[in-house]
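Trainee: coords below, sequence missing:
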Ligand code: TYM
């Protein structure tokens, strides 16, 4: 039975605090999908160092994510939770894929272009080849589905191309993965500039709701969220990106549809009552995650044990695939 289940893999960078965007775009789907899929969730510490990191913070954030995945509902007895650098087969496969990737394919990546603008003093080769390592993360487990936010779509396209290229050049080896992007919440926007993605690297703390924010922080941030001119509550991403973003958050926190939300606030004057309701709902949604996180985070030994057990399972699977790939590539066995 276990053999017939399809596989999902996803990951997050330990490069800062997680925001409600991470939950909306990815984590929430991981939690649901883990019941029906053979699931692997990775903390991608090797991706994180494509931007300069302080070692102590990187260590802290890595364990934070092992705790946060569980706080959000990932169950390590159902899913394999592990840290990327513990499974060296990812970078081993990445090298082979690097030799199949054109320079042009990497330079077209919008995330590379954005990040090299933001970190113009550190445009390293790792930032450039980042999506190839991501392809290796996915292909080494023959993942069928990759639950991510919208910003990862282009990276997924490269993973698909590389799988097809390898299969064509050698022989069928890799599953061609599909992205799994939620219809609502695939791109949660900044509360301060609703035409920009909510991002953990945004220096403006008011722009993001972090999963460790207190109830009051959350209410205040939503109260002060930049909204559009007008006063009715109607979903329209183009004309009303601010209100539409808050509607998406409200949907995520309460499961109410956009039609329900529009009906709930029809005829209310101004945005204030709506913002109060969103603030309250999002605070109530984040509260149990934060509380569970703090509990789990206090027991570092358990987090390390989970990561260790996860790495053992992941390595076992990754090596089986890498061995085949090495053989097909023409590397002789040791
Ligand atoms: P990262 O660490 O930037 O983000 C982790 C996940 O959260 C989603 N996300 C969002 N979704 C909606 N709205 C937002 N504002 C928002 N911010 C973040 C991201 O889309 C992502 O799904 N390259 C990846 C990490 C990675 C990976 C992988 C993912 C490495 N290897 C293999 C899947 C499979 C990244 O930087 O995600």
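Mentor: Nice, I can see it. The shown structure was predicted, so the numbers you read here are calculated from the model rather than taken from an experiment.

Trainee: Please make it C-alpha for all contacts and neighbour counts, starting now.
Mentor: Will do.

Trainee: Up against the ligand, what does the chain have?
Mentor: Within the chain, the positions lying close to the ligand (Cα under 6 Å from any ligand atom) are 9-13, 21-22, 24-26, 44, 134, 137-138, 146, 148-152, 185-189, 197-199.

Trainee: show me what contacts residue 81?
Mentor: 40, 41, 42, 43, 66, 306, 307, 310, 311 (Cα atoms under 8 Å, 6 or more residues apart in numbering).

Trainee: one more time with 7 Å
Mentor: Listed by Cα atoms under 7 Å, 6 or more residues apart in numbering, the contact set of residue 81 reads 40, 41, 42, 306, 307, 310.

Trainee: Could you pull up phi and psi at it?
Mentor: Backbone geometry at residue 81, expressed as degrees, to the nearest 10, gives phi -110, psi 120.

Trainee: distance of it from residue 130?
Mentor: 21 Å (Cα to Cα, to the nearest Å).

Trainee: And residue 226, by the same measure?
Mentor: Residue 226 sits 33 Å away from residue 130, taking Cα to Cα as the criterion.

Trainee: tell me which element residue 75 is part of?
Mentor: Assigned by DSSP states H and E, residue 75 belongs to no helix or strand.

Trainee: any weak-confidence spans in the stretch 1-150 of the chain?
Mentor: Within the stretch 1-150 of the chain, the ranges that satisfy pLDDT under 70 run 1-3.

Trainee: residue ranges of the strands in it, please?
Mentor: Taking DSSP state E, counting those that start in this stretch as the criterion, the stretch 1-150 of the chain carries its strands at 7-12, 38-43, 79-83, 145-147.

Trainee: okay, the ones you listed in CSV with distance to residue 214 next?
Mentor: Putting those into CSV (distance: least, Cα to Cα, whole Å) gives the following:
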stretch, distance to residue 214
strand 7-12, 23
strand 38-43, 25
strand 79-83, 27
strand 145-147, 28
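
Trainee: Nearest to residue 212, out of those strands?
Mentor: With Cα to Cα as the criterion, residue 212 lies closest to strand 7-12 of these, at 16.6 Å.

Trainee: Are there helices or strands packed against that closest one, and which ones?
Mentor: strand 38-43, strand 145-147 (3 or more Cα pairs under 7 Å, 6 or more residues apart in numbering; DSSP states H and E).

Trainee: so how far is the shortest one off the chain centroid?
Mentor: Same thing as strand 145-147. 10 Å (Cα atoms, centre = their mean, to the nearest Å).

Trainee: And stretch 33-43, by the same measure?
Mentor: Offset of stretch 33-43 from its chain centre (Cα atoms, centre = their mean): 13 Å.
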